[in-house]
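1. When you get a sec, could you give me coordinates for this:
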Amino acid sequence: MPRYTPPSISPPPSPPDGWWGNQGSPNYSYNDNYPSPRQWAVGREPTPEGSPPVVGFEIVHHAFADRTAEEQQEFLAQNYPDYEEQLRQQEEGPGPQYEAHLGIAFEVHNAFENIKENYEKIIQEMGGRIYLDILTTIGPDELVKGLDLFFAEIIAKRDNTPLREGEEYKKLKKILIRLLLAKNEVLNGHFLNEIFTWFQFVMRQPESFQFQYATYFIEDTISAYSDEMSCVKGIRERLLLSIADACILHCFEFKKKHKRKTKKATKKHKANQKTAKKLAKVATLGGGSPSKFRKCDNPLYRRLIRLFKKEVPDMNELTKEWSVIFTKETPMTPAQLKQDFIDFMDRKYKLYNIDNFAAIQKRAVELEQAGIFENKEF
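-> Predicted structure coming up:
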């Protein structure tokens with residue numbers, strides 16, 4: 001297994017004159033030893049496949065390294081928005097609106113559990129696990145700072161207005177501060193290796209892939225509970241699952257470009273143009289249906305989509321997925337179980353912009369007539 005020890009760190013490049021234009025730098029503070037996000041956005045290209053771990057992800061000794069606990073708290077309060085509120089939520093628990101959306105939130109946890117059987121295959125497809133030596137300086141703080149620099153770079157490279165860019169930074173900070181507050185819980189030794197391995201894969205992909213990955217991760221995390229942010233476990237899981245979303249988006253973009261070769265396809269594309277984000281959630285129905293991604297130009301992405309189970313399964317597969325959530329001891333009545341089944345199936349299909357409600361109701365009636373909800377024999 002490859003082992004990683006961090007290289008010596010060179011000073012970051014200076015940004016060109018006028019890089020911030022007339023708007024000035026956003027309120028995104030680092031101490032004197034740190035580069036600004038914009039500095040790291042200058043000149044870094046995607047790392048070639050097969051090269052050593054990326055320099056720049058593990059680029060600095062985190063600001064926490066030589067600070068007392070009180071100084072760490074002060075640093076967080078000064079540099080991250082809503083710090084006190086997030087600290088309160090950690091101590092007192094979230095409000096009722098947060099709790100009301102737990103059913104939806106569990107879907108990302110279930111998705112993570114659902115790929116466990118394929119997880120080692122996913123890691124191998126990514127190039128294999130990278131183990132951090134115990135003598136390295138990379139701990140939870142350094143890992144979060146690496147994520148900070150990576151996402152900040154992507155935000156800086158986007159074609160954003162200064163206002164939009166500042167909004168994206170605020171979202172990023174809210175996510176990262178939640179990770180920092182629970183670092184001992186979700187960023188232990190095992191997951192340090194795993195997350196580092198995931199990000200080495202992401203940083204070896206084309207810039208367009210990295211943009212898509214960052215978009216999905218930030219937006220999905222920040223709005224996991226309607227207007228509430230994901231829990232820390234969900235944040236960690238999305239760091240992996242967003243790779244699959246980026247693979248899907250790449251393959252749909254390739255499909256669109258392939259179709260534009262004819263005038264008819266070009267005309268149809270212009271008439272029915274959809275956003276890339278919406279396209280990424282369209283997939284195939286039916287367990288035996290041909291893959292929507294079979295003509296994707298990247299075979300690695302096709303394999304990952306399959307291993308992440310992102311092809312929408314048929315009705316039987318979704319029914320099986322619903323059934324494993326419940327036990328015979330569930331307090332739900334047969335009528336409640338039927339409605340829960342309908343809601344679950346409808347929600348799953350709508351994730352892919354598919355309206356399959358009539359077929360779902362028909363399946364619910366079939367299960368009801370078979371006594372499934374009454375006997376709780378799933």
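
2. tell me which element residue 216 falls in.
-> Following DSSP states H and E, the helix or strand that holds residue 216 is helix 207-222.

3. following that helix, which helix or strand shows up next?
-> Counting by DSSP H and E, the next helix or strand C-terminal to helix 207-222 is helix 232-259.

4. ok, back up a step: let me see the residues that make contact with the helix holding residue 216.
-> Outside of helix 207-222, the residues within contact range by CB atoms under 8 Å, 6 or more residues apart in numbering are 45-46, 108, 150-151, 154-155, 157-158, 168, 171-172, 174-175, 202-203, 205, 229-230, 234-235, 238-239, 242-243, 245-247, 249-250, 253, 276-277, 280. Every residue, glycine included, has its C-beta placed from N, CA and C.

5. Next, work out how far apart residue 166 and residue 344 are.
-> 38 Å (CB to CB, to the nearest Å).

6. ah, wrong one, I meant residue 253
-> When distance is defined by CB to CB, residue 253 is 30 Å away from residue 344.

7. Ok, residue 110 next?
-> Per CB to CB, residue 110 is found 10 Å from residue 344.

8. Those two: which has the busier surroundings?
-> residue 344 (18 against 13; other CB atoms under 10 Å).

9. shouldn't the more buried one be in contact with residue 324?
-> No - judged on CB atoms under 8 Å, residue 344 makes no contact with residue 324 at a distance of 11.4 Å.

10. now the helices for the stretch 101-250 of the chain?
-> Taking DSSP state H, counting those that start in this stretch as the criterion, the stretch 101-250 of the chain carries its helices at 102-114, 119-125, 140-157, 162-181, 183-186, 189-203, 207-222, 232-259.

11. Residue 164 - how many residues pack around it?
-> Residue 164 has 12 neighbouring residues, counting by other CB under 10 Å.

12. next one: the one 3 residues further on
-> For residue 167, the neighbour count with other CB under 10 Å is 14.

13. list the contacts for it?
-> Going by CB under 8 Å, 6+ apart, residue 167 touches no other residue.

14. per-residue confidence for it?
-> At residue 167, the pLDDT value in this model is 88.

15. for residue 331, same thing?
-> pLDDT for residue 331: 80.

16. contacting residues around it?
-> Applying CB under 8 Å, 6+ apart, no residues contact residue 331.

17. circling back to that earlier point, of all the helices of the stretch 101-250 of the chain, which one is nearest residue 132?
-> Residue 132 lies closest to helix 189-203 among the helices of the stretch 101-250 of the chain, at 5.8 Å (CB to CB).

18. From the contact counts, what lies against that closest one?
-> When contacts are defined as 3 or more CB pairs under 8 Å, 6 or more residues apart in numbering; DSSP states H and E, helix 189-203 sits against strand 131-132, helix 140-157, helix 207-222, helix 232-259.

19. Against which helices or strands is the first one packed?
-> Contacts of strand 131-132 with other secondary structure elements, assessed using 3+ CB pairs under 8 Å, 6+ apart, are made with strand 3-4, helix 189-203.

20. Give the closest residue to residue 233 in space, chain neighbours not counted.
-> Sequence neighbours aside, residue 186 is the residue nearest to residue 233 in space, at 6.0 Å (criterion: CB to CB, 6 or more residues apart in numbering).

21. Surely residue 139 and residue 188 touch.
-> No - using CB under 8 Å, residue 139 is not in contact with residue 188; the gap is 10.3 Å.

22. Which of these two has more residues huddled nearby?
-> Neighbour count, other CB under 10 Å: between residue 139 and residue 188, residue 139 has more, with 17 against 11.

23. Run through the residues that contact residue 239.
-> Residues in contact with residue 239, defined by CB under 8 Å, 6+ apart, are 147, 195, 198-199, 217.

24. Show me the two of the residues you listed that sit farthest apart.
-> Farthest pair in those, by CB to CB: 195 and 217, 12.1 Å.
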